[in-house]
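J.: next comes the sequence, and after it the predicted model I'd like to discuss.
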Amino acid sequence: MGIKFEQVNYAYRGPDGQKYLALANINLPIGETGEFITLIGETGSGKTTLVQHMNALLVPDTGSVTVLGVKVTKEAVAKKRIKLNPIRKKVGLVFQFPEYQLFEETVLKDIIFGPKNFGVPEAEAKALAHELIKVVGLDESYLSRSPFNLSGGEKKRVSIAGILAMEPDILILDEPTSGLDPMGRDELLTVFNRIHTTLNKTIILITHDMNTVYRYAKRALVMRSGYLVYDGDPQALFSRKNIENWNLETPDLLALQQLISSELGFKFPHTAKTEEDLLTMLEAVIA
Amino acid sequence: MKNIVIGRFIPGSSFLYKMDPRTKIIVLILLMVSAFLVRSLSLIAFGLMLLMVVLIVGRISVKRVLLGLRPLMFLLIFTFSFQIFFNTAGELVFTTTLAYSPGGLGVVVLLWFFWWFTRRRIPFKLLYFLVVLIASGTLLSLFSYGPIFTTSTIEVYSQGLEMALFIMLRLVIIVTLSTILTLTTKPTDLNLGLEAVLKPFKLIRVNTEEMAMIISISLRYIPTLLDEANKIILAQASRGVDFSEGKLKEKLMQIVSLLVPMFIISFKRSDELASAMEARSFVPGRPRTRLHQLTWRPMDTVALCFGLIILSTVIVLRVIGW
């Protein structure tokens, strides 16, 4: 088992000690390999809090999170019975805003900062950085540039490379495509999908984009004011009635197919998940 | 990081809360000057009693004020012991001889070992330290076993005792006064008051409005920046920075990894804030209207008179040699 939440509750504390419930009774198993999970929900529903529990940045108030065999509880952390750093190496978390993590003089130094903290030799980390900068869609000339002179999208890519360089077993991305143009978004999603398919790594992705969920996810989680209200197949999620109540909308491709079915009375043999799939079906009809 | 509270305004409804911030600042200055002009112990003790009455009538919890004194504890104790041990004017009131013998020193060392292992469990650490310090002094003066290596005498003189008490009371009064101001005045009101009080400096071309604006924006952004700092700490922690441990070199790296994003974000924020203010027609130095107007009430006149009376009494008493 990769990550397992058991009856996790977590509350943020205000300045006067009042509590704001962020996670309520979360029970969630996540596989060590082979999962592609999207986490959706409106802003303030607890998505970020949930993923920050997955690499022990936050520790549950009650209940436990077991990450790759290490059981994280409040007591265990308070008494320093467990080491948290190995967990953070194995579960890589990319934050939503790259500004919070970039600080070195050059992009290269920033990318190798993580691996160096985990004891990877510098030469090895540098070789990895040269490789990863291309993986995230930039070229090697960026390595010598200052991370502060980059555009928002470029910063985002560098911050992702910085986490990939840690070679985590499980990769978590908090809204990795926000602030990117459509081309850049598709490009990065392809990268994540490739990491997932070639290395069979578990990927957890927070997103507001239903098309991403529909196209890539094997499993969808929906959060609503601290509760996990849906855990299952994305196809089944979008065929539910009243998903608007959860502030979700039908993905474009699915909406198009539903429109064709209802307006033209055409019955699709199966629901297409990609444009190519839909095209083949339509071509068959035309032919 | 989470325990920093600036301003420490505690909502309440007594007359101290209803007073105009300008009055509070002016009266505070008058009373502080008075406290510095007073020269006798009895007068300063009377002043403290007066202040206690103000606290009780103003319904301010003494516990809060004592908490405000806590950061000054070290200074208080230092000046107190300095005066007691080194001021040798007046009559000798107390003397004792400390004898250093193997037995006595052994017991004292044991006592400090005991202190070292139990200090974490005791809530009043400084008090506990003092008790152990005095206990070891008493032990050395009363108990000796084996050959005595050397002796030393402790002498306390009346003037030293008096001065020690006097300086301590004066410090307590001054800190209590400023604590009352911050406890009962909202940061925004405090800022408005400061701006009004500083107005005369405009005559010598100091831009008081801008200064007040800078102060209020800084106060406003402290919680925001703390919040950002927490986020950066989390982001770096997920790249293997362990802020709770590490050697000196690693510690430096950790601080850099926190400070650089912090500066970048602050600069960006201030740039954005400046644009937002300009977009709403803010021009530095131009007169502005206010949402909250300060109002002067009869009670403020009374308070101001109170402050003036105290100051003039103190001056008169000083002139006639009290």
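T.: Yep, it's here.
J.: C-alpha from now on. contacts and neighbour counts both.
T.: Noted.
J.: residues contacting stretch A:92-99, please?
T.: Stretch A:92-99 is contacted by residues A:51-52, A:55, A:155-156, A:159-160, A:163-164, A:166-176, A:178, B:235, B:238-239, B:261, B:264-265 when judged by CA atoms under 8 Å, 6 or more residues apart in numbering or on different chains.
J.: helix or strand: which one has A:Thr49?
T.: Element membership for A:Thr49 (DSSP states H and E) is helix A:47-54.
J.: picking up where we left off before, just the buried residues from the contacts of stretch A:92-99, in PyMOL please.
T.: In PyMOL, a selection of the buried entries from these looks like this (16 or more other CA atoms under 10 Å in any protein chain shown):
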select buried, (chain A and resi 51+52+55+155+156+159+160+163+164+166+167+168+169+170+171+172+173+174+175+176+178) or (chain B and resi 235+238+239+261+265)
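J.: still on that earlier bit, downstream of the helix holding A:Thr49, the next helix or strand is which one?
T.: On the C-terminal side of helix A:47-54, the closest following helix or strand by DSSP H and E is strand A:62-67.
J.: mean confidence for the helix or strand just after that next one?
T.: Next helix or strand after strand A:62-67 toward the C-terminus (DSSP H and E): strand A:70-72. In this model, strand A:70-72 has a mean pLDDT of 92.
J.: for stretch A:167-180, same thing?
T.: On average, stretch A:167-180 scores 90.
J.: which outside residues touch that stretch?
T.: A:32-33, A:48, A:51, A:89-96, A:152-153, A:156, A:164, A:184-185, A:188, A:201-208.
J.: mark which of these are buried, thanks.
T.: Buried among the contacts of stretch A:167-180 (16+ other CA under 10 Å): A:32-33, A:48, A:51, A:89-96, A:153, A:156, A:164, A:184-185, A:188, A:201-208.
J.: looking at those residues, which are in helices?
T.: A:48, A:51, A:89-90, A:153, A:156, A:164, A:184-185, A:188 (DSSP state H).
J.: of those residues, list those near chain B.
T.: Among those, the ones lying near chain B by CA under 8 Å from any CA of the partner chain are A:Lys89.
J.: shaky segments in chain A?
T.: Residues of chain A that meet the criterion pLDDT under 70 lie in A:15-17.
J.: show me it divided up by domain.
T.: For chain A, automatic domain parsing gives the domain ranges A:3-250, A:251-287.
J.: from A:Gln235, how far off is A:Ala161?
T.: For A:Ala161, the distance to A:Gln235 (CA to CA, to the nearest Å) stands at 31 Å.
J.: likewise for B:Ile204?
T.: Remark: distance between B:Ile204 and A:Gln235 (CA to CA) = 73 Å.
J.: so between those two, which is more surrounded?
T.: Shown here are B:Ile204 and A:Gln235; by other CA atoms under 10 Å in any protein chain shown, A:Gln235 has more neighbours (18 against 7).
J.: how about the host helix or strand of that one, which residues are buried there?
T.: Here A:Gln235, judged by DSSP H and E, is contained in helix A:234-239. Within helix A:234-239, the residues that count as buried by 16+ other CA under 10 Å are A:234-235, A:237-238.
J.: same question for stretch A:141-160.
T.: Buried residues in stretch A:141-160, counted by 16+ other CA under 10 Å: A:142-143, A:146-148, A:153-160.
J.: ok, and the closest non-adjacent residue to the residue in the stretch 151-287 of chain A that chain B sits nearest to?
T.: Residue nearest to chain B within the stretch 151-287 of chain A: A:Ile163 (7.0 Å; CA to the nearest CA). Among residues not flanking A:Ile163 along the chain, A:Gly92 sits closest, at 5.9 Å (CA to CA, 6 or more residues apart in numbering or on different chains).
J.: now the domains of chain A in TSV, with distance to B:Phe74?
T.: Below are the domains of chain A laid out as TSV (distance: least, CA to CA, whole Å):
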stretch	distance to B:Phe74
domain A:3-250	28
domain A:251-287	65
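J.: which stretch among those domains comes nearest B:Tyr128?
T.: Proximity to B:Tyr128 (CA to CA) singles out domain A:3-250 among these, at 25.8 Å.
J.: so what's the gap between that closest one and the chain middle?
T.: On the basis of CA atoms, centre = their mean, to the nearest Å, domain A:3-250 sits 4 Å off its chain's mean C-alpha point.
J.: next one: stretch B:235-242
T.: How far stretch B:235-242 lies from its chain's middle: 35 Å, per CA atoms, centre = their mean.
J.: quote the end-to-end distance of that stretch.
T.: This stretch, stretch B:235-242, spans 11 Å end to end (CA to CA).
J.: and for stretch B:280-295?
T.: In stretch B:280-295, first residue to last residue: 27 Å (CA to CA).
J.: give me the three-state assignment for the residue of the stretch 101-250 of chain A at minimum distance from chain B.
T.: Residue of the stretch 101-250 of chain A nearest chain B, by CA to the nearest CA: A:Gly114 (4.6 Å). When classified by DSSP: H, G, I helix; E, B strand; the rest coil, A:Gly114 comes out as helix.
J.: neighbours around it, how many?
T.: Neighbour count of A:Gly114, defined by other CA under 10 Å: 26.
J.: setting aside sequence neighbours, what's the nearest residue to it?
T.: Leaving out its chain neighbours, the residue that sits closest to A:Gly114 by CA to CA, 6+ apart is B:Arg239, at 4.6 Å.
J.: hey, where'd the strands end up in the stretch 101-250 of chain A?
T.: All strands of the stretch 101-250 of chain A, identified by DSSP state E, counting those that start in this stretch, fall at A:170-174, A:202-206, A:219-224, A:227-232.
J.: typo on my end, it should be chain B
T.: B:92-100, B:150-157 (DSSP state E).
J.: what's the mean pLDDT across the first one?
T.: By that I understand strand B:92-100. 82.
J.: near chain B, which residues of chain A are found?
T.: Neighbours of chain B within chain A, by CA under 8 Å from any CA: A:55, A:57, A:85, A:88-89, A:92-95, A:99-104, A:113-115, A:117-118, A:163, A:166.
J.: which parts of chain B sit against chain A?
T.: For chain B, the residues in contact with chain A (CA under 8 Å from any CA) are B:231-232, B:234-242, B:256-257, B:260-262, B:264-265.
J.: what's the distance between B:Arg290 and B:Thr188?
T.: Separation of B:Arg290 from B:Thr188 (CA to CA): 12 Å.
J.: which one's more surrounded, those two?
T.: B:Thr188 (17 against 8).
J.: who are the contact partners of the closest residue to that one other than its chain neighbours?
T.: Closest residue in space to B:Thr188, ignoring its immediate chain neighbours: B:Ser216 at 6.6 Å, by CA to CA, 6+ apart. By CA under 8 Å, 6+ apart, the residues touching B:Ser216 are B:187-188, B:191.
J.: quick one: which of those residues is nearest to B:Ile84?
T.: Relative to B:Ile84, the closest of those is B:Pro187; by CA to CA it sits at 39.3 Å.
J.: count of residues packed around that closest one?
T.: Neighbours of B:Pro187 under the rule other CA under 10 Å: 19.
J.: where's it relative to B:Ile222, distance?
T.: Relative to B:Ile222, and taking CA to CA, B:Pro187 is found at 12 Å.
J.: which of the domains of chain A sits closest to B:Lys247?
T.: The closest of those to B:Lys247 is domain A:3-250. By CA to CA, the value is 12.8 Å.
J.: would you list the phi and psi of the nearest residue to B:Ser14 once chain neighbours are set aside?
T.: Nearest residue to B:Ser14 in three dimensions, chain neighbours excluded: B:Gly58, at 5.3 Å (CA to CA, 6+ apart). Backbone torsions of B:Gly58, given as degrees, to the nearest 10, read phi -80, psi 0.
J.: and B:Gly58, what's its pLDDT?
T.: In this model, B:Gly58 is scored at 87, pLDDT.
J.: what's the answer for the one 10 residues further on, then?
T.: B:Gly68 carries a pLDDT score of 74 in this model.
J.: list the contacts for it?
T.: For B:Gly68, the contact set (CA under 8 Å, 6+ apart) comprises B:175-176, B:179.
J.: and B:Phe263, how many neighbours?
T.: 12.
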